[in-house]
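Undergrad: next one to model:
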Amino acid sequence: MNTSLNPSLRLYEPLWRIRLRNTWKSLQDNWVLFAENKIGLVGLAIILFYALLAALHPILIATVWDEKIYDPFIGNDPRIYNHPSPPSQDHLLGTDPMGRDILSQLMYSTRNEFVLGFLAAAITVTIATSIGAMAAYFGKWVDTIFMRIADLMNILPFIALLVVLSAFVRMNMWTLALVIGVLSGFGGATIIFKAQALTIMVKPYIEAARIAGGSHWHIIFYHIVPNLMPLAFLNMMFTVTGAIFTEAALSFFGLLNIRVSWGIMIYTTQAAGYMLRSIEYWYLIFPAGLSITLLCTAFYLIGRAMDSVVNPRLRRR
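TA: Take a look at the predicted model:
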């Protein structure tokens, strides 16, 4: 029997089905708000394009490309004697100074950029929401300690700190994501989430949860943190952008233990002495540099568009 014809039957619906229906409707409403902002759609299209490149690389290696020629690490085309070589029918973006296909490197590196960005963002948001909620809830010495740590993180120059750390820690993609996540999570993001948590603390349901006997941790992680999630998702977009840019900067200086990334591709060009001849050898710098710019811009645009979804003042009335 159709429950829409008899609303009383919905009283017997499982709780998970009701929550699923409400979640789906919320996603639909939020998508309508997001889609009204055209810059968000542009950013989403760019991200989907690079996600497609990342997904196609292993397929091309397994089915179309000869691994000995198109491997992003050790590939080399024996038919070409002079490297770097300009774009051709066999190498659409040319080859780098070591004879490796630039398009293959670009597509392979896309996976690393996505993994780095999302992992760093997830660590940042997890730390920042937890600490921000605890600082707002407990206040006093808990708030003082975490806010002074956040102030210290904000004072320290971020890139310079990572350069110093790279001298003591062997930096690979996973280590870099962890370091960025921890430093960002204890830094400015904590202050933002604490300010938002303070506005949640005055809500009636927080006081109701206390009167009902809810423990401190129950109130923090079941009432405060879930209400910080919209802001957390918005913050993730900007953290991904910062992580990708940071990787590119450190790779350019040769400070990361990464085999191939967009930053490493530019570093290889610089180390081989082609950086000052970038007009003639544009294909060595332009693909990686443009990709860094486009992907960072895409996440920034999505973050701006998400503001119209998260910020109630900007919602359509």
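
Undergrad: show me what secondary structure element comes after the strand or helix carrying N112.
TA: Following DSSP states H and E, the helix or strand that holds N112 is helix 102-138. Proceeding C-terminally, helix 102-138 gives way to helix 140-155 as the next helix or strand, assigned by DSSP H and E.

Undergrad: any idea how far the helix or strand just after that next one is from the chain center?
TA: For helix 140-155, the following helix or strand on the C-terminal side (DSSP H and E) is helix 158-166. Centroid separation for helix 158-166 versus its chain: 20 Å, with C-alpha atoms, centre = their mean, to the nearest Å.

Undergrad: buried ones in helix 158-166?
TA: Taking 16 or more other C-beta atoms under 10 Å as the basis for neighbour counts, the residues of helix 158-166 that come out buried are 158, 162, 165-166. Just so you know, the C-beta spots here come from the backbone N, C-alpha and C atoms, and that holds for glycine as well.

Undergrad: JSON lines for these, including distance to A128 and pLDDT?
TA: Compiled in JSON lines, the buried residues of helix 158-166 are given as follows (distance: C-beta to C-beta, whole Å; pLDDT from 0 to 100):
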{"residue": "F158", "distance to A128": "15", "pLDDT": "85"}
{"residue": "L162", "distance to A128": "19", "pLDDT": "88"}
{"residue": "L165", "distance to A128": "20", "pLDDT": "87"}
{"residue": "S166", "distance to A128": "24", "pLDDT": "84"}
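
Undergrad: quick check, nearest of those to D90?
TA: Distances from D90 to those, taken as C-beta to C-beta, are shortest for S166 (36.9 Å).

Undergrad: skip the chain neighbours and tell me the closest residue to the closest one.
TA: Computed as C-beta to C-beta, 6 or more residues apart in numbering, the closest residue to S166 that is not its neighbour in sequence is L255, at 4.2 Å.

Undergrad: also A51?
TA: Spatial nearest neighbour of A51, excluding adjacent residues (C-beta to C-beta, 6+ apart): F114 at 7.1 Å.

Undergrad: could you check how far the spatially most central residue of the chain is from S251?
TA: By C-alpha atoms, centre = their mean, the mean C-alpha position of the chain lies nearest to V240, the distance being 2.6 Å. V240 sits 17 Å away from S251 when distances are taken as C-beta to C-beta, to the nearest Å.

Undergrad: over to S109?
TA: Here S109 is placed at a distance of 10 Å from S251 (C-beta to C-beta).

Undergrad: low-confidence ranges, this protein, go.
TA: Within the chain, the stretches with pLDDT under 70 are 1-13, 16, 310-317.

Undergrad: adding distance to K203, write the buried residues of helix 158-166 out as JSON lines.
TA: As requested, these are exported to JSON lines (distance: C-beta to C-beta, whole Å):
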{"residue": "F158", "distance to K203": "34"}
{"residue": "L162", "distance to K203": "39"}
{"residue": "L165", "distance to K203": "40"}
{"residue": "S166", "distance to K203": "44"}
